[in-house]
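Trainee: for reference, the sequence and a predicted model appear below.
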Amino acid sequence: MAELRKYRYCGVNLCLAAVQAVIFALCVLKGSRWYLWGRCGTDLVLRDGQYWRLLTSVFLHADIRHLGSNLLVQILLGNPVERNIGHVKYLALYLLSGIGGNIVSVLYDSALGVNTYSVGASGAVFGVIGVLILLIVKGRKKLRRGSSLLARAAFAVFFSIYSGFRNPYTDNAAHLGGLAAGVLLGLLLTLGMEDVDLRDLR
């Protein structure tokens with residue numbers, strides 16, 4: 001029971017994961033209609049002014065593997081972030097990082113003169129990872145001697161970005177944009193924070 005109680009501090013993260021799973025199930029049942037309405041694309045956002053896509057695309061995933069990989073990282077790494085910064089701040093971090101990643105993606109494609117469509121919560125997840133690294137840095141004195149937690153977190157980010165550049169279908173601009181948004185937001189959200197709880201990440 002004590003192990004389960006800690007999840008009451010992570011309600012927003014778990015609800016976001018559940019919402020994405022439900023939306024994916026609906027997309028499977030309803031076909032391409034939801035993707036056509038919610039996906040993000042340079043022409044749709046900049047030319048047609050459909051700015052809602054910067055948010056709606058965060059909750060859409062291309063397939064079950066795409067959904068599963070994002071949710072796995074989100075749940076494992078998002079819970080300690082929410083527990084440290086609080087529910088409202090975590091929700092703002094998640095949504096703004098996702099939007100920020102999509103903005104960078106749209107501007108990058110526009111600069112290259114290409115138009116691609118993208119979906120997924122990767123930008124939001126990278127934003128969460130960015131804040132997690134800030135929390136680890138702040139709470140590093142609480143880590144046991146010789147802990148490699150910070151190095152492992154940094155390697156996870158590097159490997160994810162490296163893997164993305166090797167896959168032509170990965171929206172790397174959204175990943176980097178989400179990470180940058182997360183770090184910037186994290187600097188504000190953790191300002192003055194002294195007590196960092198890293199129980200799950202030792």
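Mentor: Cool, the structure landed.

Trainee: ok, now which ones touch the residue nearest in space to the middle of the chain?
Mentor: Nearest to the mean C-alpha position of the chain, counting by C-alpha atoms, centre = their mean, stands Val125 at 1.5 Å. When contacts are counted by C-beta atoms under 8 Å, 6 or more residues apart in numbering, Val125 touches Asn70, Val73, Gln74, Leu77, Gly78, Gly178. Any C-beta I mention is one placed from the backbone N, CA and C, and that applies to glycine too.

Trainee: how many neighbours does the nearest residue to Val45 once chain neighbours are set aside have?
Mentor: With sequence-adjacent residues excluded and distances taken as C-beta to C-beta, 6 or more residues apart in numbering, Val45 is closest to Val106, at 5.1 Å. Using other C-beta atoms under 10 Å, Val106 has 26 other residues around it.

Trainee: Val106 and Ala62, how far apart?
Mentor: 18 Å (C-beta to C-beta, to the nearest Å).

Trainee: now do Ala154
Mentor: From Ala154 to Ala62 the distance is 28 Å (C-beta to C-beta).

Trainee: dump the contacts of Val125 to TSV, plus distance to Glu194.
Mentor: Formatted as TSV, the contacts of Val125 follow (distance: C-beta to C-beta, whole Å):
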residue	distance to Glu194
Asn70	32
Val73	27
Gln74	26
Leu77	22
Gly78	22
Gly178	27
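
Trainee: quick one: which of these has the most company?
Mentor: Going by other C-beta under 10 Å, Gly178 tops these with 33 neighbours.

Trainee: okay, that residue: pLDDT?
Mentor: Per-residue pLDDT puts Gly178 at 95.

Trainee: show me the contacts for it.
Mentor: Ser97, Gly98, Gly100, Gly101, Val104, Ser122, Gly123, Ala124, Val125, Phe126, Gly127, Gly130.

Trainee: with that, I have no additional questions.
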